[in-house]
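>>> generate a structure from the sequence data that follows.
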Amino acid sequence: MPQDPKRFRRENDGRCGPAAGRYHANSPRQTRGSHPHQGPDIVARAALALEDGTVYIGESFGATGTVSGEVCFNTSMTGYQEILTDPSYRGQILCMTAPQIGNYGVNHADVESGKLQMAGFIVREASRLASNFTSEGTLGDYLAKAGVVGLAGIDTRALVRHLRIRGAMTGVLSSEVLDPAALVAKAKAAPTLVGRDLVREVMPERPSAWTESLDEWAQPVPQPLEGGDPAPVTTWAGKKRVVALDYGMKWNIARHLTSVGCDVTVLPGRATAAEVLAHKPDGVFLSNGPGDPEVLGYCVDTVKGLVGKVPMFGICLGHQLLALACGAKTFKLAFGHRGANQPVMDLTTGKVEITSQNHGFAVDEATLPADLEVTHRNLNDGTIEGLRHKTASAASVQYHPEAAAGPHDSAYLFARFREMMA
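You can find the predicted model right below:
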């Protein structure tokens, strides 16, 4: 459905009841805890306050501290470690909608960057046990070592419903300060996501060469052709030189590029067009990244200088930067697309893909210039999910074809990019 929070201001805040661990800061009623086995006499150890005055009190896990950020939600059932290490979550406090998180533990392989990126993490139940042959530790210990503040034991359904109706908003998560009025004041004073350049906080310091390809667990399974015949196995003749502009790139993207026959050189997102072209690339990749795309003028200038000179493919923030470079505008979604179950139609083939997504901004279709055409569309709210330049060799998608975690329906897009460089 369209993301218009003004249409959904019909929420009755009293419906959640005292079991939700939620109240407004100006209310005399302060409900503590929400775990079914937690009585009212047990002191809560962590709290989330939103800028609109809503407060949720529950159990602390992970690190001790006080953090602020945009509060949003993700509908994935699995993949919490990949989500935690996705640089696109910089500056955000994330709530998982799945009721139990952490049950298969954490390991060194399921990471998408060099560290945990988000400000805070919220779950209904944080599993104390980690049961999986790959597990190397528990989620709680993982957050604690990384300094990420966690909140558990609240009614995450109530929080998600509130965000869907009111829109994503700034919040403060604390295991140090539990006074509702003080937390709400902090939330109101905290910086918003709009207008902040978060890319500078996550881009690499220096260029590097990427050589790792997909392992056997991450290889997409070839889908059979019409009639059930097996799909042909694609082999790539020779290597193509690709420069990946890293605005906060997930590592699985680089693995996919390597697996379709690319030699990948990673440059910091602040690189200029001249610096990119000095590598004599066969193609340029524009990565995902955090924050507001319209404040990234230096990134847009680089893309402008590359359009028409070298084949380009962008994902997520890279998609938005390509659109901005061509003259379009972006806007902020009410609560964003975050999860591994977003339906998207490829308008070229008519096929529907279930996709992994993580973005809070989108390209405004009303501002598209004549030389850009829509190639993919979100079937939930109709927003643009893919673009193609009509005269230059350039294309982009708003979602994450590399998944990590998520379905492999869209992995073909890396092969399309490889073919653009043929």
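>>> how far does stretch 359-373 stretch from start to finish?
Taking CA to CA, to the nearest Å, stretch 359-373 runs 21 Å from one end to the other.
>>> how distant is it from the center of its chain?
Mean C-alpha position of stretch 359-373 versus that of the full chain (CA atoms, centre = their mean, to the nearest Å) differs by 19 Å.
>>> now that stretch: buried residues?
Buried residues in stretch 359-373, counted by 16 or more other CB atoms under 10 Å: 359, 360, 361, 362, 363, 365, 368, 372. In this view, the C-beta of every residue, glycine as well, is placed from N, C-alpha and C.
>>> cool, and stretch 339-346?
339, 340, 342, 344, 345, 346.
>>> could you list the domains of this protein?
Per automatic domain parsing, the structural domains of the chain span 5-189, 199-420.
>>> where among these is the average confidence lowest?
Sorting the domains of the chain by mean pLDDT places domain 5-189 lowest, at a mean of 83.
>>> rewinding a little: the buried residues of stretch 359-373 in strands, which ones?
359, 360, 361, 362, 363, 372 (DSSP state E).
>>> what is the most widely separated pair among the residues you listed?
360 and 372 (21.4 Å; CB to CB).
>>> now the helices for this structure?
According to DSSP state H, the chain carries its helices in the segments 80-84, 139-146, 156-166, 180-189, 199-202, 251-259, 273-277, 297-304, 317-325, 412-420.
>>> so which elements touch the fifth one?
The one in question is helix 199-202. Packed against helix 199-202, as judged by 3 or more CB pairs under 8 Å, 6 or more residues apart in numbering; DSSP states H and E, are no other helices or strands.
>>> show me which positions of that helix end up buried.
Neighbour-count burial for helix 199-202 [16+ other CB under 10 Å]: 199, 200, 202.
>>> out of those, the closest to residue 159 would be?
residue 202 (25.9 Å).
>>> what residues are bridge-paired with the spatially most central residue of the chain?
Note on the chain: the residue nearest the mean C-alpha position is residue 358, at 2.9 Å, using CA atoms, centre = their mean. With DSSP bridges as the criterion, residue 358 is bridged to residue 338.
>>> residue contacts, it?
74, 83, 86, 88, 89, 288, 316, 336, 337, 338, 400 (CB atoms under 8 Å, 6 or more residues apart in numbering).
>>> pairing partners for the last one in the sheet, please.
When you say that, I think you mean residue 400. With DSSP bridges as the criterion, residue 400 is bridged to residue 356.
>>> tell me, how many residues neighbour residue 233?
For residue 233, the neighbour count with other CB atoms under 10 Å is 6.
>>> how much space between it and residue 219?
Counting by CB to CB, to the nearest Å, the separation of residue 233 from residue 219 is 12 Å.
>>> hmm, residue 244 and residue 281 touching each other?
No. If you go by CB atoms under 8 Å, residue 281 and residue 244 don't touch, sitting 9.4 Å apart.
>>> residues bridging contact with those two, i.e. touching both?
Common contacts of residue 281 and residue 244 (CB under 8 Å, 6+ apart): residue 265.
>>> how about the strands in the stretch 1-150 of the chain?
For the stretch 1-150 of the chain, strands defined by DSSP state E, counting those that start in this stretch occupy the ranges 22-24, 46-50, 54-62, 66-74, 92-96, 100-101, 120-122, 125-126, 149-152.
>>> who touches stretch 102-116?
Contacts for stretch 102-116 (CB under 8 Å, 6+ apart): 78-82, 84-87, 123, 126-132, 134-140, 142-143, 146-148, 202, 215, 248, 250-252, 404-405.
>>> make it 6 Å
81-82, 84-87, 126-127, 130, 132, 134-137, 139, 142, 146, 148, 250-251, 404 (CB atoms under 6 Å, 6 or more residues apart in numbering).
>>> returning to that earlier point: export the buried residues of stretch 359-373 as TSV, with columns for distance to residue 299.
Supplementary listing: those in TSV, determined by distance: CB to CB, whole Å:
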residue	distance to residue 299
359	16
360	17
361	14
362	17
363	15
365	22
368	19
372	18
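>>> those: which two are farthest apart?
360 and 372 (21.4 Å).
>>> tell me which residues in stretch 380-394 are buried?
383, 384, 385, 386, 387, 388, 389, 392, 393, 394.
>>> list the residues that contact the third one.
Contacts for residue 385 (CB under 6 Å, 6+ apart) come out as 344, 376, 377, 378, 398, 399.
>>> the first one against residue 374, yeah?
So the one you mean is residue 344. No. If you go by CB atoms under 6 Å, residue 344 and residue 374 don't touch, sitting 11.5 Å apart.
>>> do you have the strands of the stretch 151-300 of the chain handy? List them.
All strands of the stretch 151-300 of the chain, identified by DSSP E, counting those that start in this stretch, fall at 169-174, 208-210, 240-246, 262-268, 283-286.
>>> who wins on neighbours among the contacts of residue 358?
Counting by other CB under 10 Å, top hit in the contacts of residue 358: residue 86 with 32 neighbours.
>>> for residue 120, name its beta-bridge partners.
residue 93, residue 149.
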